[in-house]
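In: Turn this into a model:
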Amino acid sequence: MVWLPDIVLENNIDGQFDVAYFSNVLINPNGSMYWLPPAIFRSSCAVEVTFFPFDWQNCSLVFRSKTYNAKELQLDYAVDPVTKVLIKWIEIDKEAYTENGEWAIQHRPARKALAPQSGPEAPGHSELRYFLIIQRKPLFYVINIIIPCVLISSLVVLVYFLPAEAGGQKCTVSISVLLAQTVFLFLIAKKVPETSLAVPLIGKYLIFVMTVATLIVMNCVVVLNVSLRSPSTHTMSEGLKHVFLEVLPRYLGSSLEPTGDDPWDAPQPRRRSSSGILQKAEEDILKTPRSELLFERQGLRHGLQRGPGCGTPCGSDVGVTSTLYKSLASLAPEIKECVDACSFIAESARGQSADSAEMENWVLIGQVMDKLCFWAALLLFAVGTLGIFLMGQLNTVPADPFPGQGGG
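Out: Alright, predicted model coming up:
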């Protein structure tokens, strides 16, 4: 009979403490024995998902005796038969080892420890702890989740290239991107372990881009409200016009000029059209005295024309002239109504031109707000994306897993 120590894997998950096959024991003449039974160990370790998918994990295998304390049984490292050096690491057979497609082993140290215990069993149990420090290979997640998510999320910034009045189309694009991000959130939820202890890095990024998309939808509604304003609902102050149409375009690289009929506004060059000709004719009529318009051709028709050197009408007929004056006096109410109607039409046209100029100024303000928000959203998206993923890239496995500690 050969005594076998009851050494088991303390943190196993299947409850199987025995080896898979009881092989023979090699006994040396000096009394030392060598026994290497094959066994399959199944263990578990807590997974930290804070930097998923750029995370690394530290899993340990704890071996100890079930019944013997440290005074009765001391566990020690194995000795290399060639170099006679203590093997303080997990030795892997490269021929039998199959590389995992998701994880890469970075460190595999081993440490001796003493599990303290009070009472008759003091000082406790001797333990050997083997550590497997593994790092996730993020290529699969970068190609299938991160890059499509970044590309789809970047489309939400392009809504600012639509016209300021196209608020419906802007909201449609933004909400479509928001729905696509929600689909990615469901895909990530299936890949990440279900835990409420930490939020994974890719989850933080999706929450960030969804927040940006929501802010852009709100901004599109505000810009649409500003672009569709009219003089009957809102009054544009000179300070607002100065800030959005003079100061901000200078810093944004735009050349906008406010429109209007006051001296502060510069007239905009427009194409020749029938409306411009009619407006010029109306202005000429308003500038010309009414008496010239009424009596311009009457003198020639009735012989009342001034000749050179004549102080009075030449060849005038007093009877005809008095008859003309009486006819004009009888027709004065109708002529006055006609002139008043022309004046009303001219004033209405001038008022409509002023309203159109102010509505165009509101549209220009909406365009300036769009350009300002475009640069702000682009800067926020770029800084947030780089900042979040740089956190994952900087989360690397330390070169020394046990700094400041020598061999166990």
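
In: for the longest helix along the chain, packing partners?
Out: The helix that spans the most residues within the chain, counting by DSSP state H, is helix 332-393. Helices and strands touching helix 332-393, as assessed by 3 or more Cβ pairs under 8 Å, 6 or more residues apart in numbering; DSSP states H and E, comprise helix 147-154, helix 201-227, helix 238-242, helix 248-252, helix 274-287. Quick note: C-beta positions are derived from backbone N, CA and C, even for glycine.

In: any idea of the angle the first one forms with helix 201-227?
Out: Yep, that's helix 147-154 we're talking about. Orientation check (axes from the mean of the first three to the mean of the last three Cα atoms, to 10 degrees): helix 147-154 against helix 201-227 gives 20 degrees.

In: dump the residue contacts of residue 396.
Out: 56, 135 (Cβ atoms under 8 Å, 6 or more residues apart in numbering).

In: Phi first, then psi, for residue 394.
Out: Per-residue torsions, residue 394: phi -80, psi -10 (degrees, to the nearest 10).

In: roughly how far apart are it and residue 76?
Out: Taking Cβ to Cβ, to the nearest Å as the measure, residue 394 falls 38 Å from residue 76.

In: Where does the prediction get shaky in the stretch 251-400 of the chain?
Out: 255-341, 344, 351-352, 354 (pLDDT under 70).

In: let's go with 80 and repeat that
Out: 251-358 (pLDDT under 80).

In: picking that back up, of the helices and strands packed on helix 332-393, flag the one that's most buried.
Out: helix 201-227 (a mean of 19; mean count of other Cβ atoms under 10 Å).

In: and the closest residue to residue 87 other than its chain neighbours, what does it touch?
Out: Leaving aside its chain neighbours, residue 87 sits nearest to residue 78 (4.7 Å; criterion: Cβ to Cβ, 6 or more residues apart in numbering). By Cβ under 8 Å, 6+ apart, the residues touching residue 78 are 86-87, 91.

In: go on, residue 4?
Out: With Cβ under 8 Å, 6+ apart, residue 4 has these contacts: 25, 35.

In: if you set the cut-off to 10 Å instead, what comes out?
Out: Listed by Cβ atoms under 10 Å, 6 or more residues apart in numbering, the contact set of residue 4 reads 19, 22, 25, 33, 35, 37.

In: wait, which of those residues is closest to residue 388?
Out: residue 19 (46.9 Å; Cβ to Cβ).

In: Can you classify residue 40 by secondary structure?
Out: For residue 40, the assignment made with DSSP: H, G, I helix; E, B strand; the rest coil gives coil.

In: right, I mislabeled it, should have said residue 61
Out: strand.

In: Dig out what it forms beta bridges with.
Out: residue 130 (DSSP bridges).

In: if I pick it, what's in contact with it?
Out: Here residue 61 is in contact with 9-12, 41, 43, 45, 90, 110, 128-132 (Cβ under 10 Å, 6+ apart).

In: Let's have those residues in a markdown table, adding secondary structure and pLDDT.
Out: What follows is the contacts of residue 61, written out as a markdown table (DSSP: H, G, I helix; E, B strand; the rest coil; pLDDT from 0 to 100):
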| residue | secondary structure | pLDDT |
| --- | --- | --- |
| 9 | strand | 87 |
| 10 | coil | 85 |
| 11 | coil | 85 |
| 12 | strand | 86 |
| 41 | coil | 83 |
| 43 | strand | 87 |
| 45 | coil | 85 |
| 90 | coil | 86 |
| 110 | strand | 90 |
| 128 | strand | 88 |
| 129 | strand | 90 |
| 130 | strand | 91 |
| 131 | strand | 92 |
| 132 | strand | 91 |
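
In: Now for those: which two are most distant?
Out: It's 12 and 110 that sit farthest apart of these, by Cβ to Cβ, at 17.7 Å.

In: Looking at the two, which has the bigger crowd around it?
Out: Between residue 12 and residue 110, residue 110 has the larger neighbour count (other Cβ atoms under 10 Å), namely 21 against 15.

In: excluding its backbone neighbours, what's nearest residue 195?
Out: Once flanking residues are discounted, residue 195 sits nearest to residue 49: 6.3 Å by Cβ to Cβ, 6+ apart.

In: Please state the backbone phi and psi of the one you found?
Out: Torsion angles, degrees, to the nearest 10, at residue 49: phi -100, psi 20.

In: Surely it is in contact with residue 198?
Out: Yes: using Cβ atoms under 10 Å, residue 49 is in contact with residue 198, at 5.6 Å.

In: If you count surrounding residues, which of the two has more?
Out: For residue 49 versus residue 198, neighbours defined as other Cβ under 10 Å are more numerous around residue 49 (20 against 16).

In: can you tell me which residues contact the more buried one?
Out: Residue 49 neighbours (Cβ under 10 Å, 6+ apart): 55, 57, 191-195, 197-203.

In: Looking at those residues, which is nearest residue 145?
Out: residue 202 (6.6 Å).

In: Ignoring the adjacent residues along the chain, who's closest to the closest one?
Out: Per Cβ to Cβ, 6+ apart, closest to residue 202 is residue 188, 5.5 Å.

In: Can you classify that neighbour as helix, strand or coil?
Out: Classified using three-state DSSP, residue 188 is helix.

In: Check whether it really touches residue 148, as I assumed.
Out: No: between residue 188 and residue 148 there is no contact under Cβ under 10 Å: 11.8 Å.

In: what's residue 106 sitting at in phi/psi?
Out: phi -100, psi -40.

In: Tell me which residues touch it, please.
Out: Applying Cβ under 10 Å, 6+ apart to residue 106 gives the contacts 56, 58, 132-135, 396-399, 401.

In: Which of those residues fall in strands?
Out: 56, 58, 132-135 (DSSP state E).

In: Filter those down to the buried ones and hand me the PyMOL line.
Out: With 16 or more other Cβ atoms under 10 Å as the criterion, this PyMOL line picks the buried residues out of the ones in strands among the contacts of residue 106:
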select buried, resi 56+132+133+134+135
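
In: Would you format the ones in strands among the contacts of residue 106 as a markdown table with distance to residue 229 included?
Out: Shown next, in a markdown table, are these (distance: Cβ to Cβ, whole Å):
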| residue | distance to residue 229 |
| --- | --- |
| 56 | 56 |
| 58 | 61 |
| 132 | 66 |
| 133 | 62 |
| 134 | 60 |
| 135 | 57 |
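
In: Pick the one among the ones in strands among the contacts of residue 106 closest to residue 144.
Out: The closest of those, once distances to residue 144 are taken by Cβ to Cβ, is residue 135, at 18.8 Å.

In: Alright, that wraps it up for me.
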